[in-house]
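Enquirer: When you get a sec, could you give me coordinates for this:
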Amino acid sequence: MPDSKNVLILHSDVAPGAPPDEQDTLWTVDAVKDALCGRGYGVATAAFAPAPEHLRALLDTHKPDTVFNLVESVFGLGQFAIVAAQMLEMCNVPFTGNPGGAMALAGDKPLTKQFLRRLGLPTAHWVEGPHWDGLDPARVYVVKHATEDASVGMTDDSVVSGERVAARAAQLTAAHGGRWFAEEYLAGREFNVSCIEIDGRPRVLPVPEMRFDNWPEDRPRLVNWAAKWDEEHPDLSNTNRDFESAKNTPLAAQLTGLVEDCWNNFGLRGFARIDFRCGADGSPNILELNPNPCLESGAGLAAAAAQIGMDYADLCEAILAAAIH
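Expert: Numbers count the residues shown, from 1 in each chain. The predicted structure follows:
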């Protein structure tokens, strides 16, 4: 019988009819619950609400040894997921995943890039509104949300020339709200590298390259919103992970080292994913850190863990074992 036998899975409060990037949380809850129950854990589930009295009542009712934190959004926004981690810290209860401070820092993409630059780690050129200082009209940019993940607002139209950055950002602000920034579009290879904590140390999982199959040469290579969430869109089936293309290469070793640097310097815990794009010279640039990547059984983290012989239940147990105490 596991040491921490009573587990409360705390998850986002997903509204009926929510878009698939939010519904995904509920599918993950079921998968984690089934995996842990199969390993002998007693598992309860509950929706998170950003109210201290609500959280304390849940903890008093379920008396968990550990909270499995699957809160990916609050009020339907990923940037507020940090509230759950911060409130769990306040309650002094062991919980999985990253601490609130690391989530806040890594969840702000322009701020992350500032820290990467200060650390001397490679990251693509970027500019921020409203003044867009440093904007180069001759470059091509991707206009991205500063604090939301799941490729919010990401379409082919997000790739624009420097002179169109401000207009595109204004369109996206009107449609989705929030802050937007522009990052240089790098047309090279893309890698999304996962890392989990084992015995207090980061274990970088095998490196997958994102392949853009059947992709027109003149079309920007982006893992856009449709490629992640629209099951009827061809972009979903045409963006695929390839664990063989970089296997045992100097590039894979370089990516692994960069993930370890990010893990150690940003105070990451539990699990995370780092996204990379290569420049024209083939060298990798860190695009962003994801301190709360999807744990759905078919997502990238689970796929990477399977490459080292960890099935889904193994992965869930490893994440549980690394819970912050």
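Enquirer: Which positions in stretch 260-271 come out as buried?
Expert: 260-263, 266, 268-271 (16 or more other C-beta atoms under 10 Å). Quick note: C-beta positions are derived from backbone N, CA and C, even for glycine.
Enquirer: counting contacts, what elements does the helix-or-strand element of the chain with minimal mean pLDDT pack onto?
Expert: The helix or strand of the chain with the poorest confidence is helix 225-229; it has a mean of 72 (mean pLDDT, DSSP states H and E). If contacts are counted by 3 or more C-beta pairs under 8 Å, 6 or more residues apart in numbering; DSSP states H and E, helix 225-229 sits against helix 20-38, helix 234-238.
Enquirer: Name the residues of the last one that are buried.
Expert: For helix 234-238, the neighbour count (16+ other C-beta under 10 Å) marks 235-236 as buried.
Enquirer: what about whatever helix or strand comes next after it, average pLDDT?
Expert: Heading C-terminal from helix 234-238, the first helix or strand you meet, by DSSP states H and E, is strand 239-242. For strand 239-242, mean pLDDT rounds to 92.
Enquirer: and if you look at stretch 84-102?
Expert: 96.
Enquirer: What's the end-to-end length of that stretch?
Expert: Terminal residues of stretch 84-102 lie 13 Å apart, using C-alpha to C-alpha, to the nearest Å.
Enquirer: repeat for stretch 122-141
Expert: Note: stretch 122-141 ends 17 Å apart using C-alpha to C-alpha.
Enquirer: what do you get for stretch 131-139?
Expert: Stretch 131-139 end-to-end distance (C-alpha to C-alpha) = 17 Å.
Enquirer: circling back: would you mind listing the outside residues contacting the least confident helix or strand of the chain?
Expert: 19-21, 24, 150-155, 233, 235-236, 238-239 (C-beta atoms under 8 Å, 6 or more residues apart in numbering).
Enquirer: Filter those down to the buried ones, ChimeraX style.
Expert: Selection of buried members from the contacts of helix 225-229 for ChimeraX, criterion 16+ other C-beta under 10 Å:
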select :21,24,150,151,152,153,154,235,236,239
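Enquirer: Can you give me the buried ones in the least confident helix or strand of the chain?
Expert: 225-229.
Enquirer: on that earlier part again, go through the buried residues of stretch 260-271 and say which is closest to Leu205.
Expert: Phe271 (9.5 Å; C-beta to C-beta).
Enquirer: Let me see the contact set for the closest one.
Expert: With C-beta under 8 Å, 6+ apart, Phe271 has these contacts: 97-98, 194-197, 293, 295, 301, 319, 322.
Enquirer: What's opposite it in the beta bridge?
Expert: Ile196 (DSSP bridges).
Enquirer: Begin at 15 from now on, thanks
Expert: Okay, residue one is now 15; in that scheme the one you just asked about reads as Phe285.
Enquirer: picking up where we left off before, so can I have TSV of the buried residues of helix 239-243 showing distance to Val85?
Expert: Converted to TSV, those look like this (distance: C-beta to C-beta, whole Å):
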residue	distance to Val85
Trp239	21
Ala240	25
Ala241	24
Lys242	19
Trp243	19
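Enquirer: ok, and what's touching the helix or strand encompassing Arg182?
Expert: Assigned by DSSP H and E, Arg182 belongs to helix 179-190. Residues from elsewhere that reach helix 179-190, judged by C-beta under 8 Å, 6+ apart: 141, 143, 146, 149, 155, 157, 159, 162, 166-167, 171-172, 174, 194-196.
Enquirer: Out of those residues, which one has the lowest pLDDT?
Expert: For the contacts of helix 179-190, the least confident entry is Val166, with 81.
Enquirer: If we ignore the residues flanking it in sequence, what's nearest that one?
Expert: His159 (4.9 Å; C-beta to C-beta, 6 or more residues apart in numbering).
Enquirer: who touches the one you found in this structure?
Expert: Contacts of His159 by C-beta under 8 Å, 6+ apart are 123, 166-167, 186, 190, 192-194.
Enquirer: and it, what are its bridge partners?
Expert: Trp194.
Enquirer: Now do it against Asn106, distance only.
Expert: In this view, His159 and Asn106 are 33 Å apart by C-beta to C-beta, to the nearest Å.
Enquirer: what's the answer for Cys330, then?
Expert: Cys330 is 23 Å from Asn106, by C-beta to C-beta.
Enquirer: Looking at the two, which one has more neighbours?
Expert: The residue with more neighbours, out of Cys330 and Asn106, is Cys330; 27 against 8, by other C-beta atoms under 10 Å.
Enquirer: would that one count as being in a helix?
Expert: Yes: the assignment for Cys330 (DSSP: H, G, I helix; E, B strand; the rest coil) places it in a helix.
Enquirer: list the contacts for the closest residue to it other than its chain neighbours?
Expert: Spatial nearest neighbour of Cys330, excluding adjacent residues (C-beta to C-beta, 6+ apart): Ala49 at 4.5 Å. With contact set as C-beta under 8 Å, 6+ apart, Ala49 has these partners: 326-327, 330-331.
Enquirer: Could I get the full set of strands for the protein?
Expert: 20-25, 56-61, 80-84, 140-142, 154-159, 173-175, 194-198, 204-212, 215-218, 223-226, 253-256, 285-292, 298-304 (DSSP state E).
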